Structures are given as C-alpha cells and as structure tokens.
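1. test case, fold it:
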Amino acid sequence: MLVAAAVCPCPPLLVPEVAAGAAPELDAARAACDEALARVAAAAPDLLVVVGAGARTTFHEVGSRGSFQPFGVDVDVTLGTPSGTPAVTLPPSLAVGAWLLTRAGWTGPVRGYEVESGRPPQANAEDGTRLASLADRVGLLVMGDGTACRTVKAPGYLDERAEGVDARIAAALRDLDTDGTLARLDAGLSRELKISGRDPWQILSAAWDGGRGTGDLLYEDAPYGVGYTVASWTRPAGD
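-> The predicted model follows:
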C-alpha cells in the first residue's frame with residue numbers, strides 16, 4: 001500500500017553545482033523537497049520508489065548511476081547505496097531524484113521507475129496499482145515539472161494556457177487528485193506545453209487509489225518560466 005508520497009520538480013538546476021551562480025534562486029524549492037521527503041521517511045515505508053519520465057519504461061535497481069556531466073558539471077549520483085561503478089542508466093529525472101535522496105540521507109530500500117512520456121492513462125493507472133503493491137508499505141518520490149511555457153523566456157516560449165494548467169495541477173496535487181485532474185491530463189496538451197510530470201503524476205494518482213489522507217502544497221512557482229510544484233501526500237497514522 002502507498003503510505004506517503006513526495007512530489008518534486010526535476011530540473012537539473014536543483015543541483016547547486018549545475019545551477020552555479022543561480023543556485024540561490026531555487027533554495028526554497030530545495031527546502032520544500034527536503035520537507036516532503038522527511039514526511040515520507042516519517043511514514044516508515046518498507047520500499048521507496050522514485051518515479052520519473054524518460055525514454056523508456058523500466059525499473060532501475062539500487063546502485064544505478066546517474067550523471068550531470070551532460071549539464072556541464074562533474075557530478076555523479078547513485079540510487080541508494082553505490083555498487084561498483086555501473087554505467088550511467090538513470091534519466092535526468094531519476095538522477096535528480098537520486099540526488100534529493102542522497103541529500104535527505106535516505107538509507108532504506110529503493111528502486112527507480114522510469115516511464116515513457118505520453119502513455120495511455122490506463123497504462124499509467126496499471127503501473128500505479130503495481131507499484132503500490134511492491135511492499136506492505138510503499139513510499140513514492142514522484143519527479144515531474146509542469147508547463148515550460150509561462151514566459152517568453154521559457155523553454156517553450158509563452159503560451160497563455162500554461163498558467164491555468166499549472167494552477168489546476170497544483171490544486172490536484174494539494175487535494176490528492178480527488179477530482180481526477182491528473183488522471184485526465186491530456187497527453188497532447190502535455191506535449192504542447194512541455195509538461196514532464198503527466199505520466200508520473202498519473203501513476204501516483206492510481207497508486208493512491210482514492211484512499212484517506214492529507215495533501216499539502218509546499219511550493220509552487222515558475223522560475224525560468226517553468227512550473228515547479230512540491231507536494232506531500234500522507235496517510236493517517238495507523239493506516
């Protein structure tokens with residue numbers, strides 16, 4: 001059963017070495033991610049699964065490696081405890097997730113789940129149900145960005161639809177997706193607005209399965225014209 005989830009953005013700029021002189025601009029986002037992960041740890045999951053978009057759909061096991069060298073810095077990360085010197089396999093979204101876990105001091109069992117973008121909602125729903133059943137108590141770290149079209153300097157330029165879409169996404173993450181906003185998020189619209197979080201969020205929504213709990217929006221902003229949201233989902237004590 002899914003007992004807690006942290007929802008975090010996945011820009012490599014979260015890593016201070018990548019952001020360089022701009023690093024302080026995301027201090028509040030980093031602090032919110034730290035808080036969201038602390039709440040997951042407090043729920044004492046038997047297994048933590050990091051979910052993020054990539055080029056394929058596959059699991060990544062503990063010790064898998066990611067690198068920020070493509071972004072100009074000699075920084076590598078591993079998912080959980082390093083195991084030898086494996087080849088780089090983690091996509092950027094999971095590499096950022098691994099970096100957040102290392103920063104948080106996570107030492108428990110962990111796996112990564114890379115999901116290809118633009119899949120049918122039913123496929124994401126089935127994966128959510130499957131991930132929630134991997135252990136008696138499962139935690140998720142869900143990596144994904146909102147629209148990348150909030151300003152003229154954004155990666156996708158300015159799209160007037162973007163702000164409203166991000167607001168609906170933030171509300172759904174705050175409210176445990178009780179109205180199905182995430183589950184219905186359209187693949188075509190997500191592609192047009194360069195939303196990377198659609199598929200991971202749909203997996204989260206299905207994994208939660210409408211159960212009792214509390215949602216908390218810890219951060220919402222659009223630095224660099226990209227919608228970044230941090231949220232926490234937790235079950236009541238004793239569930």
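
2. can you show me the strands along this protein?
-> Taking DSSP state E, the strands of the chain run over residues 2-8, 47-54, 58-60, 65-67, 76-78, 110-116, 138-143, 214-221, 228-234.

3. can you redo those strands as a markdown table with mean neighbour count?
-> The way it works is simple: take the backbone N, C-alpha and C, and place the C-beta from them, glycine included. Shown next, in a markdown table, are the strands of the chain (neighbours: other CB atoms under 10 Å):
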| stretch | mean neighbour count |
| --- | --- |
| strand 2-8 | 28 |
| strand 47-54 | 26 |
| strand 58-60 | 17 |
| strand 65-67 | 20 |
| strand 76-78 | 20 |
| strand 110-116 | 22 |
| strand 138-143 | 28 |
| strand 214-221 | 18 |
| strand 228-234 | 26 |
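
4. show me the contacts for the residue nearest the centre of the chain.
-> Compute the mean C-alpha point of the chain, and by CA atoms, centre = their mean the closest residue is residue 143, 1.2 Å away. By CB atoms under 8 Å, 6 or more residues apart in numbering, the contact list for residue 143 reads 8-10, 50-53, 93-94, 96-97, 197, 200.

5. and residue 163, how many residues sit next to it?
-> Using other CB atoms under 10 Å, the number of residues around residue 163 comes to 17.

6. show me what contacts it?
-> Residues in contact with residue 163 (CB under 8 Å, 6+ apart) are 147, 150, 222.

7. what sits against residue 206?
-> Residues near residue 206 by CB under 8 Å, 6+ apart: 124-129, 132, 183.

8. and it, how far is that from residue 236?
-> 20 Å (CB to CB, to the nearest Å).

9. then residue 184?
-> Distance of residue 184 to residue 236, given as CB to CB: 27 Å.

10. longest helix anywhere in this structure?
-> helix 27-42 (DSSP state H).

11. what is the mean pLDDT for that one?
-> Averaging pLDDT along helix 27-42 gives 98.

12. can you list contacts of that helix?
-> Outside helix 27-42, the residues that touch it by CB under 8 Å, 6+ apart are 4-9, 14, 48, 100-101, 103-104, 106, 108, 139-141, 218-219, 221, 223, 228, 230-232, 234.

13. quick one: buried residues of that helix?
-> Neighbour-count burial for helix 27-42 flags 29-30, 32-37, 39-41 (criterion: 16 or more other CB atoms under 10 Å).

14. pretty sure residue 216 sits against residue 232.
-> Yes - Residue 216 is within contact range of residue 232, at 4.5 Å (criterion: CB atoms under 8 Å).

15. ok so, going back, nearest to residue 86, of the buried residues of helix 27-42?
-> Using CB to CB, residue 37 is the member of the buried residues of helix 27-42 that lies nearest residue 86, at 23.7 Å.
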